[in-house]
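Q: Show me how the following folds:
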Amino acid sequence: MPSRFIPYTPDVEAAVPDSDEMLRTAIAKTERFIAESVTAEGTGLAVRDAHAKGYGLLRGEVEILDELPAEYAQGI
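A: This is a model prediction of the structure:
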């Protein structure tokens, strides 16, 4: 069955107003937990705050190539 493309319009997504601050808070809390775990866990070693493959953070860029058909040239 062929896929139906949904053209991008601004109403397709909504930015979270405080996302940068929320990201900084999550990183700071994770760093603090790991740093404090050296003594809090009683092992003398840092302890992971979660499963090693449970989540991740990233930042990226998308380039839309000029020769793409219009239905593909709409970003992510």
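Q: which element is the residue nearest in space to the middle of the chain on?
A: Centroid check for the chain by C-alpha atoms, centre = their mean gives Leu57 as the closest residue, at 4.1 Å. In this assignment (DSSP states H and E), Leu57 forms part of neither any helix nor any strand.
Q: repeat for Thr25
A: Mapping Thr25 onto the secondary structure by DSSP H and E places it in helix 19-40.
Q: Need the contact partners of that helix.
A: Identification of contacts with helix 19-40 by C-beta atoms under 8 Å, 6 or more residues apart in numbering yields Val16, Gly44, Leu45, Ala46, Val47, Arg48, Asp49, Leu57. Quick note: C-beta positions are derived from backbone N, CA and C, even for glycine.
Q: Switch those over to a markdown table; also include distance to Leu65, pLDDT and secondary structure.
A: Written out in a markdown table, the entries for the contacts of helix 19-40 read as follows (distance: C-beta to C-beta, whole Å; pLDDT from 0 to 100; DSSP: H, G, I helix; E, B strand; the rest coil):
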| residue | distance to Leu65 | pLDDT | secondary structure |
| --- | --- | --- | --- |
| Val16 | 29 | 86 | coil |
| Gly44 | 52 | 87 | coil |
| Leu45 | 47 | 85 | coil |
| Ala46 | 43 | 84 | coil |
| Val47 | 45 | 80 | coil |
| Arg48 | 40 | 76 | coil |
| Asp49 | 39 | 71 | coil |
| Leu57 | 27 | 73 | coil |
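Q: Next, work out how far apart the residue nearest to the centre of the chain and Gln74 are.
A: Leu57 sits at a distance of 25 Å from Gln74 (criterion: C-beta to C-beta, to the nearest Å).
Q: How about Glu61?
A: Note on Glu61: its distance to Gln74, by C-beta to C-beta, is 16 Å.
Q: between those two, which one's more packed in?
A: Gln74 (14 against 4; other C-beta atoms under 10 Å).
Q: Arg48: what's it in contact with?
A: Ile34.
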